[in-house]
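Asks: from the sequence below, what's the structure:
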Amino acid sequence: TNESLKQNNEKLKKIYELLEEPCKNKKIIHIAGTNGKGSTATFLEGIFFAAGYSVAKFTSPHILRFNERILVDKEMISNENVVKYYEAVMDILEKNSLQINFFEITTFMALLYFEEKNPDFIFLETGLGGRYDATNVVNSTIAVITNVSFDHVSLLGNSLEKIADRKAGIIKDGQLCIYAQNLAELENAVKKETDNSVNVLKKYENLQVELDTQNYKTIVKILKNENLEEFENIEDKKNKHNLEKIFILPLFGKFQANNFLLAYETAKFYNIDNETIQNGVNKVYWPARFEFFSVEPPVILDAAHNDDSIRKLTENLTEIYKRNEVIVITSLLATKDFEKVFTKLEKITDKIFITSLKDTVNGLSSAEIREKMISLNIPVDGIIFEDNILTAYKSAMNIIKEKNSGYKAIVICGSFFEIAKFNRMVADK
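Replies: Numbers count the residues shown, from 1 in each chain. A predicted model of the protein is given here:
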């Protein structure tokens, strides 16, 4: 309830004070939104690092190691520092008989670590929502909101208006907010908090985005929004490309253009030039976001786990493959909207392996997923229920190797936990 969230918020503020307000006066770019937070933070990290700044980044969840969540100058926090700052936070909690959750503890650990490292910029990703999120104890310089869609409905409320209100809660004192969605609910929520905002999709509405399906890159063309009336003579019309800035993103997917625009607009606020922006973007690597584990045959890892991200995965795949060319390996957590997920999966594949995430919070075995599907009248024919992801992967590989099967690619998706399991069991990471 809102009341308990407010109480928790007061508690978090109190802990922040007890920890002596780490990062209180630092340049913090605070990032909220349903999807794309991590990609946006990583574009920002790359660009500002290339511009010669020292940068810190806090994201979640991690895929292989906890340390991935807390980075300074692209280096993971060491195990020693994880222990050191964990103990520092726990010490304060015990002395004051306070209890907070895993993500909240992690947030305070990151802030203490960043305080000591003293970077020029901190890119801070919210955990859930925004207004009542642990990361919201700090004062930020710019609030960035990627988008709003349904994800953790049970936790964040079931209307876009409510969800948008939570995200816009990261905006402090009428500060600049940069966001990337043409959605009335989000626009209204932002305008309630500040008069100083930029919707990059409106500002760069002449944007052109193309996918390079050979090299799995995304090409973004920003057309300068200069008044075209000035360029009425024929010569200038011919040279219209003079008005373009072209960026090549190493992440594949048209939606990555939105995440990039948020980073681009933030970089422009700090007067970073285009060449530096491209250099920074070149070095971006963001695992489990349409990541190619192998190219021959294509094995794609994607952490798509909610409406919006599955829609984007669908868009990506349909650009390259037909429905009968893709094999999907997935698992669903008990908290997910099964009907929506399967409706979307049916658009991209006619061959699905369902594996077990029983050893994860809210995880289900493949048999439990099957039971739940039957109870929801979701067809189970043709779906292969196989607890072991390694076995499923080997079976999928065998299908692809069959001469006349027609299948070309394997996609492992559904959650970060599924990807982590694949990495452990298949990739030996």
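
Asks: count of neighbours near the residue lying closest to residue 218 once chain neighbours are set aside?
Replies: Excluding the flanking residues, the one nearest residue 218 by Cβ to Cβ, 6 or more residues apart in numbering is residue 249, at 4.2 Å. C-betas here are computed from N, CA, C, even on glycine. Residue 249 is flanked by 22 other residues according to other Cβ atoms under 10 Å.

Asks: for residue 249, give me its contacts.
Replies: Counting by Cβ atoms under 8 Å, 6 or more residues apart in numbering, residue 249 makes contact with 217-220, 256-257, 260, 281, 284.

Asks: what pLDDT does it get?
Replies: pLDDT recorded at residue 249 is 96.

Asks: state the pair within the contacts of residue 249 that is farthest apart.
Replies: 219 and 284 (14.8 Å; Cβ to Cβ).

Asks: who has more neighbours, those two?
Replies: Between residue 219 and residue 284, counted using other Cβ under 10 Å, residue 284 has the larger neighbour count: 19 against 16.

Asks: hmm, the more buried one is touching residue 46, no?
Replies: Yes. Assessed by Cβ atoms under 8 Å, residue 284 is found in contact with residue 46 at 4.6 Å.

Asks: so where's the stretch 301-429 of the chain shaky on pLDDT?
Replies: In the predicted model, the stretch 301-429 of the chain carries pLDDT under 70 at residues 429.

Asks: for residue 113, which non-adjacent residue is spatially closest?
Replies: Nearest residue to residue 113, sequence neighbours excluded (Cβ to Cβ, 6+ apart): residue 85, at 5.4 Å.

Asks: list the contacts of the one you found.
Replies: Residues near residue 85 by Cβ under 8 Å, 6+ apart: 77, 108-110, 112-113.

Asks: nearest to residue 410, of those residues?
Replies: The closest of the contacts of residue 85 to residue 410 turns out to be residue 77 (Cβ to Cβ; 33.2 Å).

Asks: what are the phi and psi values for the closest one?
Replies: The phi/psi pair for residue 77 (degrees, to the nearest 10) reads phi -60, psi 140.

Asks: can you give me the helices for the stretch 201-350 of the chain?
Replies: Listed in chain order, the helices of the stretch 201-350 of the chain (DSSP state H, counting those that start in this stretch) span 234-238, 256-269, 274-282, 307-320, 338-348.

Asks: give me the number of residues near residue 166?
Replies: Close neighbours of residue 166, defined as other Cβ under 10 Å, add up to 23.

Asks: any idea which element it lies in?
Replies: Assigned by DSSP states H and E, residue 166 belongs to helix 160-168.

Asks: for that helix, packing partners?
Replies: Contact partners of helix 160-168 among helices and strands, from 3 or more Cβ pairs under 8 Å, 6 or more residues apart in numbering; DSSP states H and E: helix 153-156, helix 184-193.

Asks: switch to 10 Å and redo it
Replies: strand 27-32, strand 142-145, helix 153-156, strand 176-179, helix 184-193 (3 or more Cβ pairs under 10 Å, 6 or more residues apart in numbering; DSSP states H and E).

Asks: give the buried residues for that helix.
Replies: Residues of helix 160-168 classed as buried: 160, 162-168 (neighbour count, 16 or more other Cβ atoms under 10 Å).

Asks: quick one on the thing from earlier: going through the contacts of residue 85, which ones are buried?
Replies: Using 16+ other Cβ under 10 Å as the burial test, the contacts of residue 85 include 77, 108-110, 112-113 as buried.

Asks: name the nearest of the contacts of residue 85 relative to residue 272.
Replies: Using Cβ to Cβ, residue 110 is the member of the contacts of residue 85 that sits closest to residue 272, with 24.3 Å.

Asks: and the helix or strand hosting that closest one, average pLDDT?
Replies: Under the criterion of DSSP H and E, residue 110 resides in helix 102-117. The predicted model gives helix 102-117 an average pLDDT of 98.

Asks: could you do stretch 56-74 as well?
Replies: Mean per-residue pLDDT for stretch 56-74: 94.

Asks: also stretch 161-174?
Replies: Throughout stretch 161-174, pLDDT has a mean value of 93.

Asks: and residue 416, what does it touch?
Replies: For residue 416, the contacting residues are 60-63, 287-288, 303, 305, 360, by Cβ atoms under 10 Å, 6 or more residues apart in numbering.

Asks: just flag the most distant two among the residues you listed.
Replies: Taking Cβ to Cβ as the measure, the contacts of residue 416 span a maximum distance of 18.1 Å, between 287 and 360.

Asks: ok, residue 341 touching residue 378?
Replies: Yes. Counting by Cβ atoms under 10 Å, residue 378 is a contact partner of residue 341 at 9.2 Å.

Asks: between the two, who's got more neighbours?
Replies: Shown here are residue 341 and residue 378; by other Cβ under 10 Å, residue 341 has more neighbours (20 against 17).

Asks: related to what we said a few turns ago, for PyMOL, what selects the buried ones among the contacts of residue 249?
Replies: Restricted to buried positions by 16+ other Cβ under 10 Å, the PyMOL selection for the contacts of residue 249 reads:
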select buried, resi 218+219+220+256+257+260+281+284
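
Asks: now, which of the contacts of residue 249 sits nearest residue 346?
Replies: For these, the nearest to residue 346 is residue 256 (24.8 Å; Cβ to Cβ).

Asks: need the pLDDT of the closest one.
Replies: 94.

Asks: can you pull out the helices in the stretch 1-150 of the chain?
Replies: Counting by DSSP H, counting those that start in this stretch, residue ranges of the helices within the stretch 1-150 of the chain are 2-18, 37-50, 79-95, 102-117.

Asks: residue 150 touches residue 305, doesn't it?
Replies: No. Residue 150 is beyond contact range of residue 305, at 12.0 Å (criterion: Cβ under 10 Å).

Asks: neighbour count winner among those two?
Replies: Per other Cβ under 10 Å, whichever of residue 150 and residue 305 has more neighbours is residue 305, with 23 against 17.

Asks: list phi and psi for the more buried one.
Replies: According to degrees, to the nearest 10, residue 305 has phi -150, psi 0.

Asks: how far away is it from residue 185?
Replies: Distance, residue 305 to residue 185, using Cβ to Cβ, to the nearest Å: 22 Å.

Asks: same deal with residue 6?
Replies: Using Cβ to Cβ, residue 6 is found at 22 Å from residue 185.
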